[in-house]
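Undergrad: sequence first, predicted model second:
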Amino acid sequence: MFSFAASLFLAGALLFTGAFAETLRYETLEEVLIMCQDRDVPVESCGRYLYRLNDNSCVSITLYGMTFPEAQDLCHEDDGRVVTLANENEFRKLLCIVATAIPRRLPYWVGAIRKGDDFVWLDGSGIIPPDAPWQHNQPDNFGGSENCVWMNSFNWGQLNDKPCDIRTPVVCQYWA
Ligand SMILES: [Ca+2]
């Protein structure tokens, strides 16, 4: 009983503190790059076509449009996964990486799929928290089949649930 109550309290505390304290929404490339500069978010190479996301992993960008299952297959080929983001810092980091590497706003698949009304990260780290940078009025499950998630929807940084069979570029994440 105690542990159940404690879990509820913890879940509540996590919900209120949130992993995403600020809205990540940038209308222009310039705004993104200014944020990267102001917050000292370095974009570092970790090999050919690879950029450092955190201490343990690097990401690569594939511009070819792929369905989400195709994107997963591509990332799995080299023992990677479609990118998952632990918190606001990693989200900012990825935003700075894609804005620096590809200076135009493209939607990229991120590694999460629908589970009921939530979206779970495919690294097992839990659900995308409600305070994550969803685009206004998203996720909306438009048409009832939006089971995947992309970023940079309408504005830089914003998440949107989309049908998994749409073709769009992907960011893969690799651990070395
Ligand atoms: Ca949607």
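TA: Yep, that arrived. What you see is a predicted model, and the numbers here were worked out from it, not measured in a lab.

Undergrad: beta partners of residue 151?
TA: residue 108 (DSSP bridges).

Undergrad: cool, the one 10 residues further on as well?
TA: The residues listed as beta-bridge partners of residue 161 by DSSP bridges are residue 149.

Undergrad: tell me the contacts of it?
TA: Residue 161 is in contact with 114, 119, 138, 139, 140, 141, 142, 146, 147, 148, 149, counting by CB atoms under 8 Å, 6 or more residues apart in numbering. Every C-beta, even on glycine, is put in place using the N, C-alpha and C of the backbone.

Undergrad: what about those residues, which one has the most neighbours?
TA: residue 149 (28 neighbours; other CB atoms under 10 Å).

Undergrad: which of the contacts of residue 161 are close to the ion?
TA: 138, 140, 142, 146 (CB under 5 Å from the ion).

Undergrad: how much space separates the nearest residue to the third one once chain neighbours are set aside from residue 123?
TA: It refers to residue 142. Distances taken as CB to CB, 6 or more residues apart in numbering put residue 161 closest to residue 142, at 7.8 Å, once the chain neighbours are dropped. Residue 161 is 18 Å from residue 123, where distance means CB to CB, to the nearest Å.

Undergrad: then residue 30?
TA: 32 Å.

Undergrad: who has more neighbours, these two?
TA: The residue with more neighbours, out of residue 30 and residue 123, is residue 123; 15 against 11, by other CB under 10 Å.

Undergrad: state the pLDDT value of that one.
TA: The model reports residue 123 with a pLDDT of 94.

Undergrad: ok, now residue 16?
TA: Residue 16 is given a pLDDT of 41.

Undergrad: distance check, residue 137 against residue 158.
TA: 11 Å.

Undergrad: what of residue 121?
TA: Counting by CB to CB, the gap from residue 121 to residue 158 is 17 Å.
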